[in-house]
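S.K.: Can you look at this prediction? I've put the sequence above it.
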Amino acid sequence: MPDIIEIDSLTKNYGKRRGVSDVSFCVKEGDIFGFLGPNGAGKSTTIRSMLGLIRFQEGSIRILGKDIRREREAILAEVGYLPSEAMFYPSMKVRELIQMAARIRKKDCRAEAEKLCSRLQLDLDKKICDLSLGNRKKAGIVCAMQHKPKLFVFDEPTSGLDPLMQSEFFKLIEEYVAEGATCMLSTHVLSEIKSYCRTAAIMKEGKLQCMDTVENLTRTNTKRVKLLREGRQESFLFEGDLNELMQDLARHDIQDILIEEPSLDEIFMHFYAPGTE
């Protein structure tokens, strides 16, 4: 599979404020790629650099085989982007917004837009100012998807969506990917990474911490141990030889014990804590 996103040694500084430093990764065609990290980790800076929305000082970025510095317009024609907080003209109706987005791209997107609005249960006759957060997010999703781009870039796309619409959104993503698209998903919702993404990268303090398949990132020898001993409930993470743990516990009066896989949050949380590697 060819690389759809190629980022090499990306560095972007904002004076005294941290941006990103020496970030490099690639995303293969057909991937649903998770982009993780706490607030201020550099995710949005990386995405904005990828799309030519901000200028970066060092490194190179190629999207769909094209250099973002030299071929930005051609790249954006094949990208569907939804920022975390999309702003629309409040007096426009949803129908007018979607039509305007299609005209900007000089494409007839009516059939695809109709399908998306039906799937997402979006009322086309309401004004933007009368929409809830979730319905504004739906309108942004339709604008990003209706031209059937080769690459989707979504920044916190499911915030504000109810669980049913979240599920429908990811069904749409999987359908487009099955037809040849690629998706980059920046999110704080770790369960979305586990359920839908194939590979993932974790950013922290402006640097790439790791990148691997989700299967490998979530594979761990750490166990969550919950037990009842001497009338007290205890819960802790254990990493090591379970035989040694059992030998130690055998010296105590254990009324009940449960040993299970840690949650996805627990696996990733050490990347989020400040000052840890």
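M.R.: Okay, I see it.
S.K.: What residues sit buried inside the longest helix seen in the chain?
M.R.: In the chain, taking DSSP state H as the definition, the longest helix is helix 163-178. Across helix 163-178, burial judged by 16 or more other CB atoms under 10 Å covers 165-166, 168-170, 172-173, 176-177. To be clear about C-beta, it is placed using only N, CA and C from the backbone, and glycine gets the same treatment.
S.K.: Tell me, how many residues neighbour I61?
M.R.: 21 (other CB atoms under 10 Å).
S.K.: chain center to the helix or strand containing it: distance?
M.R.: According to DSSP states H and E, I61 maps onto strand 58-63. Distance of strand 58-63 from its chain centroid, counting by CA atoms, centre = their mean, to the nearest Å, is 20 Å.
S.K.: who does it touch, helix- and strand-wise?
M.R.: Contacts defined by 3 or more CB pairs under 8 Å, 6 or more residues apart in numbering; DSSP states H and E place strand 58-63 against strand 3-14, strand 17-28, helix 43-50.
S.K.: CA-only coordinates of the shortest one in PDB, if you can.
M.R.: What follows is helix 43-50 as a C-alpha-only set of coordinates in PDB (Å, rounded to 0.1, in the frame of the first residue of the first chain):
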ATOM      1  CA  LYS A  43      -2.000  17.200  17.300                       C
ATOM      2  CA  SER A  44      -3.700  20.200  15.900                       C
ATOM      3  CA  THR A  45      -0.400  21.900  14.900                       C
ATOM      4  CA  THR A  46       0.500  18.700  13.000                       C
ATOM      5  CA  ILE A  47      -2.800  18.600  11.200                       C
ATOM      6  CA  ARG A  48      -2.800  22.300  10.300                       C
ATOM      7  CA  SER A  49       0.700  21.900   8.900                       C
ATOM      8  CA  MET A  50      -0.400  18.900   6.900                       C
END
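S.K.: Low-confidence regions, the stretch 151-277 of the chain specifically.
M.R.: Within the stretch 151-277 of the chain, the ranges that satisfy pLDDT under 70 run 264-265, 269-277.
S.K.: so which strand or helix has the closest residue to P149 other than its chain neighbours?
M.R.: Spatially, and ignoring its direct neighbours in sequence, P149 is nearest to G80 (4.0 Å; CB to CB, 6 or more residues apart in numbering). Assigned by DSSP H and E, G80 falls within strand 79-82.
S.K.: That strand pairs with which strands, and in what direction?
M.R.: Each strand paired with strand 79-82, and its direction, by DSSP bridges: strand 151-155 (parallel).
S.K.: Would you mind listing the outside residues contacting the partner strand?
M.R.: 4-5, 43-44, 47, 50-51, 63-64, 78-84, 144-145, 173, 176, 181-187 (CB atoms under 8 Å, 6 or more residues apart in numbering).
S.K.: in the strand holding I61, what counts as buried?
M.R.: 59, 61-63.
S.K.: Helix or strand next in line after that strand, which one?
M.R.: Following strand 58-63 toward the C-terminus (DSSP H and E): strand 66-67.
S.K.: just how off-centre is that next one within its chain?
M.R.: The answer for strand 66-67 is 23 Å, by CA atoms, centre = their mean.
S.K.: Give the next helix or strand downstream of that strand.
M.R.: Following strand 66-67 in sequence, per DSSP H and E, is helix 72-76.
S.K.: Outside of that following helix itself, list whatever touches it.
M.R.: 51-52, 63-64, 66, 68.
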